[in-house]
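Asks: pasting the sequence and the predicted coordinates here, then a few questions.
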Amino acid sequence: MSQAETSVTASYTVDLTSCDREPIQHINAIQPIGFLIAVSNNWRISRVSANIADFLGLPIDTMLRGSLQDVFQPAAIHAVRNRLSLLGGPDTIERSFAVQLQENGALYDLAIHKSGEMIIIEAEPSIPTGDLNAGAMVRSMLNRIKGRSSLVQEAARLVQALTGFDRVMIYRFHPDGSGEVIAERVRSGVESFLGLRYPASDIPQQARALLVRNPVRVLIDVGAAPSPLVLSADEPDTPLDLSMSVLRAHSMMHVEYLQNMGVGSTMTVSLVRDGKLWGMISCHHMEPRHVGFEQRTTAELFAEMLSLLIEQRERADVVENEVRTKQLRQHLIATVVERGSTAQTIARLAEGIKTLLPCDGIAVYSDGVVTIAGDTPTVSECESLRHFLDERRSDQIYATSDLGRDFAPARDFVDRAAGMLVMPISRSTGSYLVFFRHELPHAVTWAGKPTKLVVVGPDGPRLSPRKSFAAWREMVRGQSAPWTPFQLAETELLRATLSEIFLQQAGLTETENRAATQKQELLIAELNHRVRNILSLIRGLVAQSRMTAQDVDTFASVLGDRIHALARAHDQITAKNWGPGSLTSLISTEAAAYLAGETDRVVYDGPTVLLLPHAFSSMALVIHELVTNAVKHGALAGVSGHVTMAWDLDVEGNLTLTWTEIGGAPVAVPTRRGFGSTIIHRMIPHELDGEATIEYAPDGLRARFVIPAKHVELGGDVLPMPVPLGNGQAVRAARLAGTVLLVEDNMIIALEAEDTLLALGAGSVLVASNVAEALRLLTIETPTFALLDVNLGSETSWPIASRLRELGVRYAFATGYSDHFDVPLEHRSVPMITKPYTRDSLARDIAGS
C-alpha cells in the first residue's frame with residue numbers, strides 16, 4: 001500500500017459516515033454544459049456560473065451589477081415569470097424548452113426553482129428532439145411493459161432505447177441500505193453488473209434524501225472541470241443550497257468512483273414508493289454523452305409511472321398472499337374442530353402453516369411439554385429457549401434471522417437453527433408455535449470490497465472509492481434466510497386466528513364452531529368483494545387520470561384529490577357499519593375540504609335523504625368534480641360567486657338534484673372533455689341507471705341529476721360528520737410540542753402514528769406496546785400529550801390513562817373497533833379517535849382533547 005493509501009493515522013478520525021457528512025447540496029459549482037443565474041425577488045442578479053460569458057457573450061462583472069432584464073429579452077423574461085407562477089412548493093422544478101434568451105440568439109432549455117429567497121435559473125443549449133412528446137412517449141413505453149412478467153428488465157431496455165446509454169441498470173435497495181442490480185441492459189463489449197450488490201455506503205444518506213426530492217441526476221462528462229459560481233460584490237459569501245439544481249456538480253468522491261469504473265457519463269432516475277427510495281434507474285456511458293433536458297424529463301415521467309406499476313405488482317403479490325392465508329385460515333378452523341389435546345391440535349396446525357411459511361423444523365410448546373418435528377434444537381435446548389420466550393412476555397410475533405445475536409446459547413446449535421419465528425398462541429398458558437430455519441451461509445456478490453481506503457491528500461484525509469471492482473465473496477455465517485414482511489404479516493393474521501380459535505374452543509360446542517366459521521366465511525367473502533371493488537375503482541381512476549394529466553405533478557394532485565374524495569365518502573358510510581349515508585353530510589364534507597372558512601358559498605336545501613353505499617360513493621366523485629371545477633374555473637374561483645344545490649323526491653321516490661353556479665366568470669362550452677367532465681356526465685347514468693343533464697350557460701354551469709328510488713332512503717338518523725379543517729387549520733390546532741407518549745401494540749400503526757405526531761409538532765415520541773412499558777416510561781419522563789390504543793392484546797390502556805390523569809397530562813384514545821366500549825367514568829369525556837386516522841383527523845381530535 002502506498003503512503004497515499006495509508007489507513008487512518010493517530011491524527012485523523014475518518015470512517016464511512018464521512019460520506020454522509022459531505023455537504024453535497026452546497027457544492028458551489030455546476031457542470032459546464034450550461035450556465036446558472038441566481039436572482040433575488042427584485043430580479044437583481046446575485047450569482048452566476050463562471051462560464052456564463054461563453055453562452056451569452058456578456059462580461060460577468062456587467063451582469064452581476066444588473067438585473068435579469070438586462071440579460072434576457074422580454075419574451076424570455078415572460079417565459080420565466082410564467083413558469084415561476086406554476087411552482088408548487090419548495091421541492092419543485094419548472095421546465096421551459098427551446099426558449100430564445102437573447103434576440104437572434106440560440107435556443108435554451110430552462111430549469112427554474114427557488115432556493116430560499118433566491119430564484120435559480122439554469123439553462124443548457126436546447127437539443128432538437130424532433131416531434132418528441134413526453135406524454136405520448138411514456139404512454140407508448142408503458143404499453144410495451146404492461147402484462148410482461150419481467151417488468152424491470154423491459155424497463156431497462158426501454159430506457160436504453162430512449163437515452164442511448166451503454167449500460168442501463170435497475171437497482172433495488174434492501175432493508176440494510178445495500179443496493180442490488182436486479183435488471184440490466186448493456187451494449188456488446190460492456191461489462192455486466194447484473195446481480196452485483198453494492199454496500200449502503202456507496203450512496204450516502206444525504207444523497208439518498210436528495211434522490212427523493214430531486215429524482216434525476218446527470219453527469220454529462222465525468223472528466224469535465226465544473227464551473228464555479230461567482231458572487232456579486234454585495235452578496236454575502238454564504239453557501240447556496242443547490243438541492244434542486246439539475247446541473248449541480250458532483251462530489252470529487254463520486255467522480256473518482258465513476259472514473260475507477262471507466263465511466264464517462266451517467267444519469268440516475270429515482271424509483272420512489274410511498275415517499276421512500278425503492279430503487280433507481282442507473283445509466284452509464286463509456287464516453288461523455290449529452291442527453292438533452294427534454295429526454296431527461298421523459299425519463300423522469302417514465303420512472304414515475306414505473307414506480308406506480310411496481311407498487312401495483314407488489315400490492316398484487318400481497319393480495320395473492322392474503323388469499324393463500326385466507327385458505328389456510330379456513331383449513332385451520334376446520335382442523336381445530338377435530339378432537340385431540342391442545343398440543344396435538346397445534347402440531348396439526350403447524351404442518352399446515354409450514355406450507356405457507358418455509359422452514360426446516362417446528363417446535364410446539366403446550367401443556368408444559370415441548371414437541372419437535374424436523375431439524376430443530378434438541379428438547380433440552382428448546383426448554384432453554386422457553387425461558388427466553390417467557391421473559392419476553394409479549395403477544396406479538398417474534399422473528400430473527402440471527403438467533404445467536406439475541407440468545408447467546410443458540411450459537412451452540414447454529415448448525416440446526418440459525419433463524420427463528422415465534423407465534424404466541426396463549427401467553428397465559430405458555431403455548432407457542434416456533435419455526436426454525438437453517439443457517440444459510442449465503443454468498444453475497446459485492447461490487448468490490450465494502451470498505452473504503454482513506455487517502456491523505458493536500459486537503460487532509462478523505463475516503464476514496466474502492467480502487468478495484470473485482471467481485472469478492474462475503475460469507476454471512478450464523479444467519480438464516482430473512483423472514484420477509486409478507487411472511488410476518490401472514491403469520492400475524494394466523495396468530496390472531498389461532499388465538500381466537502382457542503378462546504372459542506374453550507367455550508363453544510362443535511355446532512357453535514361451525515356456525516361461527518360460516519359467519520366468518522361470509523364476512524370474509526363480503527370483505528373481499530368490497531376490497532376488489534374499491535381496488536378496481538382506484539385502478540380505473542389511476543388509468544383515466546393519467547391519460548388526461550398534462551404532467552406528473554398535475555397527475556399526482558388530481559389523482560390524490562379523487563382518492564381523498566372516495567376516502568371521505570368511505571368514512572361516512574362505514575361510520576354506520578356500511579349503511580346509507582347522508583347526502584347533506586356528503587355535500588358539506590366535500591365543500592369544507594376545499595372552502596375552509598367559506599363553506600357558506602355552497603348553499604343547499606332539501607329533505608333529509610340517505611344514499612345507499614354504492615350510490616353514495618358514485619355521488620361523492622360527482623360532487624367532488626363539481627366542487628373542484630367550480631373552485632378552479634367556475635363560480636367559486638372568484639370572491640363573490642356561489643353555488644346553490646337543491647333536491648327533492650318525486651312521487652315514485654326518485655331523487656332529483658340540481659347544481660347552479662352564480663356570479664362566476666362567463667362560461668363557454670368546453671372543446672374537449674377531460675376525465676373529470678366524464679365523471680360528471682356519465683357516472684350517475686352508468687353506475688346508478690340514472691340521468692345527468694349538463695348545461696354550460698353563459699352565466700354559470702347548471703346540472704341536473706336523477707337518482708332512481710332503489711338507491712335512496714328518506715329520513716333516518718343522520719350521523720354527524722366532523723367538518724374537515726382546511727389550509728393547515730387542523731395541524732395548527734393540534735398544538736403539540738415537547739415529548740408525546742404513544743401506546744400502540746401494532747408496530748406498523750405505531751410507526752405511522754409516530755410520523756404523524758412528529759409532523760404535528762412533537763419534539764420526540766416515546767413508544768410503548770403494553771401497559772407495563774408505558775407506566776415505566778412515565779416514571780422517566782412526563783409527556784405533554786399521550787395517544788393511547790384502547791385494546792393492547794389481552795389488556796386495556798385504562799391504567800395508563802388514570803396515571804396520565806393524575807399527572808395532569810392531556811390524552812386521547814384510539815381504537816379500530818366501531819363498538820361502544822364500557823369506558824370508565826373518569827375517561828368518558830376523552831376523545832375516542834377511530835382508526836385508520838389521517839393527519840387532519842388526528843390533529844382535530846388532539847385539538848379537542
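Replies: Yes, it's here. Numbers count the residues shown, from 1 in each chain.
Asks: over to the residue nearest to Val71 when sequence neighbours are not counted: give its phi and psi.
Replies: Sequence neighbours aside, Met63 is the residue nearest to Val71 in space, at 5.8 Å (criterion: Cβ to Cβ, 6 or more residues apart in numbering). Every residue, glycine included, has its C-beta placed from N, CA and C. Met63 adopts backbone torsions of phi -70, psi -40, taken as degrees, to the nearest 10.
Asks: wait, isn't Met63 in contact with Ile52?
Replies: Yes: between Met63 and Ile52 a contact is recorded at 6.8 Å, counting by Cβ atoms under 8 Å.
Asks: compare the two (neighbour count), which wins?
Replies: Shown here are Met63 and Ile52; by other Cβ atoms under 10 Å, Ile52 has more neighbours (23 against 20).
Asks: residues contacting the more buried one?
Replies: Under the criterion of Cβ atoms under 8 Å, 6 or more residues apart in numbering, the neighbours of Ile52 are 35-37, 58, 60, 63.
Asks: so for it, what's the pLDDT?
Replies: With respect to pLDDT, Ile52 scores 95.
Asks: that older thread, max pairwise distance over the contacts of Ile52: which two?
Replies: Using Cβ to Cβ, those span at most 14.5 Å, a distance reached by Leu36 and Leu58.
Asks: compute the first-to-last residue distance for stretch 26-43.
Replies: Length of stretch 26-43, first residue to last, Cα to Cα, to the nearest Å: 22 Å.
Asks: identify the bridge partners of Val364.
Replies: The residues listed as beta-bridge partners of Val364 by DSSP bridges are Thr371, Leu433.
Asks: I'd assumed Thr371 was in contact with it.
Replies: Yes: using Cβ under 8 Å, Val364 makes contact with Thr371 at a distance of 4.4 Å.
Asks: stretch 253-269: which residues count as buried?
Replies: Neighbour-count burial for stretch 253-269, counted by 16 or more other Cβ atoms under 10 Å, picks out 253-258, 261, 263-269.
Asks: which of those residues fall within helices?
Replies: 253-258 (DSSP state H).
Asks: can you lay out those as CSV showing distance to Val790 and pLDDT?
Replies: Listed next are those as CSV, based on distance: Cβ to Cβ, whole Å; pLDDT from 0 to 100:
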residue, distance to Val790, pLDDT
Met253, 52, 77
His254, 51, 80
Val255, 56, 85
Glu256, 57, 82
Tyr257, 52, 78
Leu258, 55, 84
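Asks: distance to Leu621 for the residues you listed - can I get that in TSV?
Replies: Listed next are those as TSV, based on distance: Cβ to Cβ, whole Å:
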residue	distance to Leu621
Met253	51
His254	47
Val255	51
Glu256	54
Tyr257	50
Leu258	49
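Asks: nearest to Gly105, of these?
Replies: So of these, ranked by how close each gets to Gly105 (Cβ to Cβ), first place is Val255, at 31.6 Å.
Asks: ok, and the closest non-adjacent residue to the closest one?
Replies: Val222 (6.0 Å).
Asks: what kind of secondary structure is that neighbour in?
Replies: coil (DSSP: H, G, I helix; E, B strand; the rest coil).
Asks: for it, what are its contacts?
Replies: Taking Cβ under 8 Å, 6+ apart, we find Val222 in contact with 255, 258-259, 263-266, 288.
Asks: and those, which is closest to Met832?
Replies: Of the contacts of Val222, the one sitting nearest to Met832 (Cβ to Cβ) turns out to be Thr266, at 53.6 Å.
Asks: show me what the closest one bridges to in the sheet.
Replies: Beta-bridge partners recorded for Thr266 (DSSP bridges): Leu219, His284.
Asks: next, the contact list for it, please.
Replies: With Cβ under 8 Å, 6+ apart, Thr266 has these contacts: 217-219, 222, 258, 282-285.
Asks: most neighbours among these, which one?
Replies: Cys283 (27 neighbours).
Asks: report the contact partners of that one.
Replies: Taking Cβ under 8 Å, 6+ apart, one finds 159-160, 163, 165, 167-169, 266-269 in contact with Cys283.
Asks: now, the residues you listed that are in strands?
Replies: 167-169, 266-269 (DSSP state E).
Asks: any chance you could map the helices in the stretch 601-750 of the chain?
Replies: Using DSSP state H, counting those that start in this stretch, the helices of the stretch 601-750 of the chain run over 613-632, 675-688, 729-734, 747-759.
Asks: what average pLDDT does the second one get?
Replies: Just to be clear, that refers to helix 675-688. 83.
Asks: still on that earlier bit, overlap of the contact sets of Met63 and Ile52?
Replies: Ile37.
Asks: just the contacts of Val222 now: which is nearest Leu211?
Replies: Distances from Leu211 to the contacts of Val222, taken by Cβ to Cβ, are shortest for Thr266, at 13.1 Å.
Asks: now for Thr660: which residues touch it?
Replies: For Thr660, the contact set (Cβ under 8 Å, 6+ apart) comprises 643-645, 700, 702.
Asks: narrow these to those that are buried.
Replies: Using 16+ other Cβ under 10 Å as the burial test, the contacts of Thr660 include 643, 645, 700, 702 as buried.
Asks: with pLDDT and distance to Val434 added, can I get these in a markdown table?
Replies: Output for those, formatted as a markdown table (pLDDT from 0 to 100; distance: Cβ to Cβ, whole Å):
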| residue | pLDDT | distance to Val434 |
| --- | --- | --- |
| Val643 | 90 | 63 |
| Met645 | 91 | 61 |
| Gly700 | 88 | 69 |
| Arg702 | 93 | 68 |
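Asks: and those, which two are furthest apart?
Replies: Largest separation among these by Cβ to Cβ: Met645 and Gly700, giving 13.0 Å.
Asks: now do the end-to-end distance for stretch 585-601.
Replies: Chord length of stretch 585-601, first to last residue, is 16 Å (Cα to Cα).
Asks: over to stretch 636-648?
Replies: Taking Cα to Cα, stretch 636-648 runs 24 Å from one end to the other.
Asks: for stretch 86-98, same thing?
Replies: In stretch 86-98, first residue to last residue: 18 Å (Cα to Cα).
Asks: kindly report the same for stretch 768-787.
Replies: Note: stretch 768-787 ends 11 Å apart using Cα to Cα.
Asks: now that stretch, how far from the chain's geometric center?
Replies: How far stretch 768-787 lies from its chain's middle: 29 Å, per Cα atoms, centre = their mean, to the nearest Å.
Asks: any idea of the mean pLDDT for it?
Replies: 91.
Asks: how about stretch 128-136?
Replies: Per-residue pLDDT over stretch 128-136 has a mean of 66.
Asks: if we can go back for a sec, wait, which of the contacts of Cys283 is closest to Thr325?
Replies: Met169 (34.3 Å).
Asks: and the pLDDT at that closest one?
Replies: 95.
Asks: surely it meets Gly195?
Replies: No: contact criterion Cβ under 8 Å: Met169 and Gly195 do not qualify, at 10.6 Å.
Asks: any common contacting residues for the two?
Replies: Val181.
Asks: neighbour-wise, which of the two wins?
Replies: Taking other Cβ under 10 Å, Met169 and Gly195 do not tie; Met169 has more neighbours (27 against 12).
Asks: now the strands for the stretch 1-150 of the chain?
Replies: 29-30, 35-39, 45-49, 94-100, 107-115, 118-125 (DSSP state E, counting those that start in this stretch).
Asks: out of those, nearest to Glu300?
Replies: strand 94-100 (9.9 Å).
Asks: pLDDT on the closest one, on average?
Replies: The average pLDDT for strand 94-100 rounds to 92.
Asks: and that strand, what does it pack onto?
Replies: helix 74-85, strand 107-115, helix 293-337 (3 or more Cβ pairs under 8 Å, 6 or more residues apart in numbering; DSSP states H and E).
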